[in-house]
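[1] Model the following, please.
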Amino acid sequence: MEELKRVVSAPFKKNLAGSLPEKDFEFSLAFDLKWFSPKTASEVKSRALEAGLLSLKDGALSPCFDVESVRLPHAFKPPENFLELKEKPGKSGNSSAGRHREELSFEQILDFVSADTGVNRQRLVSEINSMQDRLAYLVDIRIVALIVAKKFGCDIDGVLGKVSRVVLGSLDYA
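    The predicted structure follows:
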């Protein structure tokens, strides 16, 4: 997660911006920094949204963490196999890739919780980020979102099984 956080923070640091249009974010990763192909830059954006490191509103991406607190080592460049390394925890190969398409994204969970509780997304993201900090980013952002949802009285029974299956890597859970 730390490596992804470093990569995500770079375009915002380079452009001295608090938010960037989606295409500018991808362009920065692919062409300004020359770290990834345009396709891989788009995948990085998707992964960061899934992980709750970025939020998307009206076509603009905003970091969900303090970009200034992220230290980029001098001449930092992510490894060539950066995205492959991010997939390894699932360790079930191609079958996990199929399940990823079925999972609820962080954004979808936020929408669900906000609709169920009436709490606005900004407050939810703030609460989730605060809890993530307290948990030292050791817990998947979607699980943290569900914990915060319970705190606000949300009925999470309908999504708990689906999120748990993806996060725990078990098809027969819940």
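[2] so after the helix or strand bottoming out on mean pLDDT in the chain, what's the next helix or strand?
    Ranked by mean pLDDT, DSSP states H and E, the helix or strand of the chain with the weakest confidence is helix 94-102, at a mean of 42. As assigned by DSSP states H and E, the chain's next helix or strand after helix 94-102 is helix 106-117.
[3] Show me what the next helix or strand after that following helix packs onto, helices and strands only.
    Scanning forward in sequence from helix 106-117 by DSSP H and E, the next helix or strand is helix 121-134. Judged by 3 or more Cβ pairs under 8 Å, 6 or more residues apart in numbering; DSSP states H and E, helix 121-134 is in contact with helix 106-117, helix 141-151. In short, each C-beta sits where N, CA and C put it, glycine included.
[4] In contact with the residue nearest in space to the middle of the chain, which residues?
    Nearest to the mean C-alpha position of the chain, by Cα atoms, centre = their mean, lies Ala51 at 1.8 Å. Applying Cβ atoms under 8 Å, 6 or more residues apart in numbering to Ala51 gives the contacts Met1, Leu4, Phe106, Ile141.
[5] Scan these and report the most crowded one.
    Phe106 (25 neighbours; other Cβ atoms under 10 Å).
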